[in-house]
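Asks: Sequence first, then the predicted structure, then my questions.
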Amino acid sequence: MQKIKLLAAIDNLNNGKIIGRIGGNIPDIFQDKLEHIKLMKFYLTFQSPDNPLIFVTVFVPEDYEEMINNNIYPNCSVKVFLHEPSIESNNADYTIGHINKSNIVGYNEAGDDSFDFITKASAPSLIQDESYYYENLEKDDYNFWIQIDEDFYPNDLINGNYIFGYGALYLYKNMDEQVVAGFWQHS
């Protein structure tokens, strides 16, 4: 039996339903939560594949060394927030300057072997398949939820270093619907 995956892609041609964006300014909802994103930069926001009324927003540390040294749960320095839909703010203090703001479109159903920029699946496609990346997550009853993969960036998206070193971010979710950045890997 083939498993169905949900895929979303970066696409500024509006070839699908826009479900979010990568780059740009923070969502307006964070304007009164700035203490939670201190020393962070906004990466992306997108509609949950499970509930269109919930958005997932990811922030990365300003300091890349902080990201490298804290890339695995329970010490993953990447922050994930779930929130109601929110427009883009005018606050550029948390903007990653070398990302060309782009739309994310989706979700499209795909077969078991398909992946894209955002993939909701039963299992990830790991760059390094080492159990130390996910064993603490599984011990704490988190299950893989979504993969965000830089391999699917369009050529004109980044004018500098890739955020995850040409890698991928793996989000995990528990039974209480709490979502965490489980880990990220780079190639």
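Replies: The structure has been received and is ready for your questions.
Asks: Spell out which residues sit in contact with the most centrally placed residue in the chain, please.
Replies: By Cα atoms, centre = their mean, the mean C-alpha position of the chain lies nearest to I148, the distance being 5.0 Å. Residues in contact with I148 (Cβ atoms under 8 Å, 6 or more residues apart in numbering) are 44, 58, 117-118, 168-171. Placement of C-beta: from N, CA and C, glycine included.
Asks: What segments of the protein are strands?
Replies: 5-10, 18-22, 40-47, 55-61, 79-83, 102-110, 118-120, 142-149, 167-174, 179-186 (DSSP state E).
Asks: Tabulate those in CSV, adding columns for mean pLDDT and distance to I68.
Replies: Compiled in CSV, the strands of the chain are given as follows (pLDDT from 0 to 100; distance: least, Cβ to Cβ, whole Å):
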stretch, mean pLDDT, distance to I68
strand 5-10, 95, 25
strand 18-22, 97, 21
strand 40-47, 98, 15
strand 55-61, 98, 10
strand 79-83, 98, 16
strand 102-110, 95, 25
strand 118-120, 97, 23
strand 142-149, 98, 18
strand 167-174, 98, 11
strand 179-186, 97, 9
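Asks: I96: which of the ones you listed is closest?
Replies: With respect to I96, and counting by Cβ to Cβ, the nearest of the strands of the chain is strand 40-47 at 4.9 Å.
Asks: List the buried residues of the closest one.
Replies: 40-47 (16 or more other Cβ atoms under 10 Å).
Asks: Equivalent analysis for stretch 48-61, please.
Replies: 48-49, 55-61.
Asks: same thing with stretch 12-28?
Replies: 12, 19-27.
Asks: can you put those in JSON lines and add distance to K101?
Replies: Compiled in JSON lines, the buried residues of stretch 12-28 are given as follows (distance: Cβ to Cβ, whole Å):
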{"residue": "N12", "distance to K101": "9"}
{"residue": "I19", "distance to K101": "15"}
{"residue": "G20", "distance to K101": "11"}
{"residue": "R21", "distance to K101": "6"}
{"residue": "I22", "distance to K101": "7"}
{"residue": "G23", "distance to K101": "4"}
{"residue": "G24", "distance to K101": "4"}
{"residue": "N25", "distance to K101": "9"}
{"residue": "I26", "distance to K101": "12"}
{"residue": "P27", "distance to K101": "13"}
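Asks: Looking at the residues you listed, which two lie furthest apart in space?
Replies: It's N12 and I26 that sit farthest apart of those, by Cβ to Cβ, at 20.1 Å.
Asks: and the residue nearest to F115 when sequence neighbours are not counted, what pLDDT?
Replies: Nearest residue to F115, sequence neighbours excluded (Cβ to Cβ, 6 or more residues apart in numbering): S125, at 5.5 Å. pLDDT recorded at S125 is 95.
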